[in-house]
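*Asks:* A predicted structure for the sequence below; I have some questions about it.
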Amino acid sequence: MPTVKGDGMRGLAVFISDIRNCKSKEAEIKRINKELANIRSKFKGDKTLDGYQKKKYVCKLLFIFLLGHDIDFGHMEAVNLLSSNKYTEKQIGYLFISVLIGANNDLMKLVIQAIRNDLASRNPVHITLALQCVANIGSREMAEGLSVDIPKLLVSGDTIDSVKQSAALTLLRLLRSSPDIIPMGEWTSRIIHLLNDQHMGVVTAAASLIENLVKKNPEEYKGCVSLAVSRLSRIVTSSYTDLQDYTYYFVPAPWLSVKLLRLLQNYPPPEDPAVKTRLTECLETILNKAQEPPKSKKVQHSNAKNAVLFEAINLIIHMDSDPNLLVRACNQLGQFLQHRETNLRYLALESMCLLATSEFSHEAVKKHQETVITALKTERDVSVRQRAVDLLYAMCDRTNAEEIVGEMLEYLESADYSIREEMVLKVAILAEKYAVDYTWYVDVILNLIRIAGDYVSEEVWYRVIQIVINRDDVQGYAAKTVFEALQAPACHENMVKVGGYIMGEFGNLIAGDPRSSPLVQFQLLHSKYHLCSPATRGLLLSTYIKFINLFPEIKHTIQDVLKSDNNMRNSDVELQQRSIEYLQLSSIATADVLATVLEEMPPFPERESSILAKLKKKKPNSVPDGSEQKDQMPKLPTAQMSNSSDSAQPTSINLMSQSKADALVSFEEPPSTITVTTTTTPGVTFAGFPGDTGTSLDDNFGDSLTNLGAGAPESGITLQGFDFGSPAASGAASASVDLLGLGTPTQTTAPPVGGGDGFLVDMFDTLTTSSPAPATNGMDLGGLTGGAEEAFKKFICKNNGVLFENDLLQIGVKSEYREDLGRVWVFYGNKTSFQLNAFCVDISTPGDLATIQQKPVGGEVEAGAQVKQQFNMACVQEFTDAPILNIQFMYSGAQQKINLKLPVVLSKYITPAEMDSGNFFGRWKALSNPSQESQQIFKASAPIDIETTKSKLLGFNVSVLDNIDPNPENFVSAGVLHTRNQQVGILVRLEPNKQAQMYRLTVRASRDRVAKILCDLLQSQL
């Protein structure tokens, strides 16, 4: 900052001294109020204040504000300081504006004009002050007003280097806050060539800007790759003395090197052989320098050197094309595993997790297995131990699986509670994935339950049961092993669940041994009965009825237990019902019927494991999944969930109505969850997990439909008088039909805000209002008033708000809908101090949308007054065009015209629908015609936020159904579109990908065209 002679402000210094000398809060407030009164009188009464005095008083106001007091005047004086040619006055003006004037302040237009004047000046100090103010505020209005000036300043040949730096960083700030406003297309090549600038500061600032632009539009900026490689090569091959001003502790330009390496990670390896060779040489040079003795013992030197090294390794992993580089990177990281710096050990383990996923470096990573196991046992920092667990999981394959699983099981007994659940999932996955002998797999899972039973999720013990049932060679061993495990005095409840299930199915395989006779098995299980939760007791009761079929000799013993008051009169209705029904079944049914009803569970269908999906859900970004490219997990059986009698196996029947909580622990409905099947979508992944290709709508939903929707007719599904598959059939449905089993649908509308008699500004003060538009009659190409289209889109997912505003008129909308009828109120607020004459409103509606009633508005709108107009709109059939509102009036003798889209869209006539997974999948399958589906894959308009996306779906009037989609990150919704003649079923699936910031949206509807219309509407909101 330049220093100016004689810049001291004695009055300010005295005021600050007075404040510091105050003995109490009351004395401080009294002194401040006195000063505020003095400043206010000076600003109002003294018209001869010079720039110095204004600056002094504005400084005092700024100091008072920083003390925590509100300032409600002085803003205009601060704006006036911007026009001064003195640096200190302009500096204080910009400082006051940056701190006290918000983005939506009425003075912002004046500020932007002053900034534009300074940007056009030839004084670099004034330009820099203006740029700093823009970067501090960074409002959308500033982005709109300065979207041309700042890029032009950045690429101009007359701009000095320090101003270019500030311009690049200011532009980066505006791009982050308003990425859709700054038009960068015409400046692309000139911005890319800033990487060749002679000034390293300009290159550093430009690298940050270009990296942001590349993430938004990589194809447009792919020319930066060769320039970035060229600049990186010059840096890494130079001596620290060559870049003296940008050398940090003997490391040349470390920050710029890191930025360039990150920039290159946005692109695949260069196709040009020369560029690729030069990049490889750069990376080899960085790896070579890491081996050199340090030039300084200071920590700053090693930090800078290692920052470049780790970023280079990240680029090597990203390219994944040069085996030599990958192995060298692995060896370099291996040296850090035993480094005394905890941070380096952590980073080394984290990077090696990624290297383990590459086929070129996997074997090199395995060489460090013993070191990683030692780190797991001896590290003090729990985060480092967690990374060691991740690396052991990533480096595991068939050759070392038993050793790694054994070490993880051994460590699990003393592991931190925060990582136990994750370790249990990983051990279970590795044991299943690399099991050659499934007796080993059974031993591992039972050990898991014994060591960390509280952290063994249902998916884990469900899975072992599925595998045992499907493999005849392990059933006897499993029954014997679990029988022995249950003999322990302290036995975890999950062990009782597994034991009850397996012994109920295969207890006969070990009954020949007197030590495990039928009566001994029953007595062993029943000794745990009173210690278990109701859900586990229900499972044990099912085991007992299975025992009656397997071992008729203990039938009476079991019946005595079922007859006991503890069961027959149990306060838990589920246990009471099971006891009664099982007792009756064992008493009435013949031996043949009993054998048929209770015979052994059939094998489960072949599916992929659901445990991996649970691990991904728990830690979506921490565990690389690349090891699965080398060794595909064998497709092992998973259970089939079904609510349809047609989809059940003929030998397995429901013995009772079960609650959802107990459905998974009965023998009649096998334990499982719906598992994830993945498919590849070119270029885009939809799972948010490294290496995962996402959940396929067709594969996963289609497979689930086979089970969950079996029994549904192929030609269409009837929903209580409503046929999804046959549009003609729905025409006969009356308005009173209970669609989707919902009862009378009621459209949720926002409650009224304020009264109807006050000003429109008051009525909508809690709503988001639009910025006032200029008072012009400018029309866009569609014949609408400028900005009308953007304002219209804001109402697709909301019903109330300000539709239009300029200097003369504010137009607000409030609406409510019920089935095929809608009621829209339009409020016209006169913002002027004059009457608006010849006020006329005309509405034109598409043929598919009928205006049943339109209440006229009076011919005049008084000054400061508000009038209301009501429209009743009926949806005849699906429509795409919204009604056009044509408003005309006279103001000061001039004709004013405003043409707007009234926010009435097809989605307003939807009511949400609730349904379970079986109903949803059945309806989804029925809507399989191409004309009934519309799908779009698109970039998110804003950073993906789960709650924001959910609120938009709810605002779109569809329900958000939980526990339907196998991927919990996805959204599944349903609704019913009401028209005058029929109702149309709507199903929606939205798949967000946070990593790529993209969505895949699929809409299916029972009437042609509807899916396409709704898909386009919803896509515009996302």
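*Replies:* Great, that's in hand. Numbers count the residues shown, from 1 in each chain.
*Asks:* Distance of the residue nearest to K216 when sequence neighbours are not counted relative to G786?
*Replies:* Excluding its sequence neighbours, the residue lying closest to K216 (Cβ to Cβ, 6 or more residues apart in numbering) is P179, at 6.2 Å. For every residue, glycine as well, the C-beta is placed using N, CA and C. Relative to G786, P179 is positioned 22 Å away (Cβ to Cβ, to the nearest Å).
*Asks:* before we move on, what about L425?
*Replies:* 56 Å.
*Asks:* and the two? which has more neighbours close in?
*Replies:* Neighbours around L425 and G786, counted as other Cβ atoms under 10 Å, are more numerous at L425. The numbers are 25 against 14.
*Asks:* tell me what the helix or strand harbouring the more buried one is packed against?
*Replies:* Using DSSP states H and E, L425 maps to helix 417-433. Helices and strands touching helix 417-433, by 3 or more Cβ pairs under 8 Å, 6 or more residues apart in numbering; DSSP states H and E, are helix 382-395, helix 401-412, helix 438-452, helix 458-470, helix 611-618.
*Asks:* sorry, back to before: next, count neighbours for the residue nearest to K216.
*Replies:* 16.
*Asks:* And for E805?
*Replies:* By other Cβ under 10 Å, the burial measure for E805, its neighbour count, is 21.
*Asks:* pretty sure it belongs to a strand, no?
*Replies:* Yes. According to DSSP: H, G, I helix; E, B strand; the rest coil, E805 belongs to a strand.
*Asks:* my guess is it meets I811, correct?
*Replies:* Yes. When contacts are counted by Cβ atoms under 8 Å, E805 is listed as touching I811 (7.1 Å).
*Asks:* quick one: low-confidence parts of the protein?
*Replies:* 1-8, 240-241, 606-610, 612-614, 616-782, 847-855 (pLDDT under 70).
*Asks:* which residues in the stretch 251-400 of the chain form strands?
*Replies:* 251-252 (DSSP state E, counting those that start in this stretch).
*Asks:* hmm, back to that, what angle sits between the helix holding L425 and helix 438-452?
*Replies:* 170 degrees (axes from the mean of the first three to the mean of the last three Cα atoms, to 10 degrees).
*Asks:* hang on, the residue nearest to K216 packs against K215?
*Replies:* No. At 9.8 Å, P179 does not count as touching K215 under the criterion of Cβ under 8 Å.
*Asks:* returning to what we had before: a markdown table for the helices and strands packed on helix 417-433, including distance to Y891 and mean neighbour count?
*Replies:* Shown next, in a markdown table, are those (distance: least, Cβ to Cβ, whole Å; neighbours: other Cβ atoms under 10 Å):
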| stretch | distance to Y891 | mean neighbour count |
| --- | --- | --- |
| helix 382-395 | 67 | 23 |
| helix 401-412 | 78 | 19 |
| helix 438-452 | 77 | 21 |
| helix 458-470 | 69 | 23 |
| helix 611-618 | 60 | 21 |
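*Asks:* can you list the ones you listed in CSV and add distance to D1008?
*Replies:* Shown next, in CSV, are the helices and strands packed on helix 417-433 (distance: least, Cβ to Cβ, whole Å):
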stretch, distance to D1008
helix 382-395, 49
helix 401-412, 53
helix 438-452, 51
helix 458-470, 41
helix 611-618, 35
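*Asks:* So which of those is nearest L1022?
*Replies:* Checking the helices and strands packed on helix 417-433 against L1022 by Cβ to Cβ gives helix 611-618 as the closest, at 22.6 Å.
*Asks:* For K109, give its distance to G145.
*Replies:* 8 Å.
*Asks:* and what of V1003?
*Replies:* 38 Å.
*Asks:* neighbour count winner among K109 and G145?
*Replies:* G145 (19 against 11).
*Asks:* what about the more buried one, distance to Y94?
*Replies:* 16 Å.
*Asks:* Over to the residue nearest to G334 when sequence neighbours are not counted: give its phi and psi.
*Replies:* The spatially closest residue to G334, leaving aside those adjacent along the chain, is H368, at 4.9 Å (Cβ to Cβ, 6+ apart). Dihedral angles of H368 (phi, psi; degrees, to the nearest 10) stand at phi -100, psi 20.
*Asks:* next one: A511
*Replies:* phi -70, psi -20.
*Asks:* shouldn't it be in contact with M503?
*Replies:* No. The pair A511 / M503 is not scored as a contact, 9.8 Å apart, by Cβ under 8 Å.
*Asks:* Just want to know which of these two has more residues nearby.
*Replies:* The neighbour count for A511 versus M503, taken as other Cβ under 10 Å, is higher for M503 (29 against 20).
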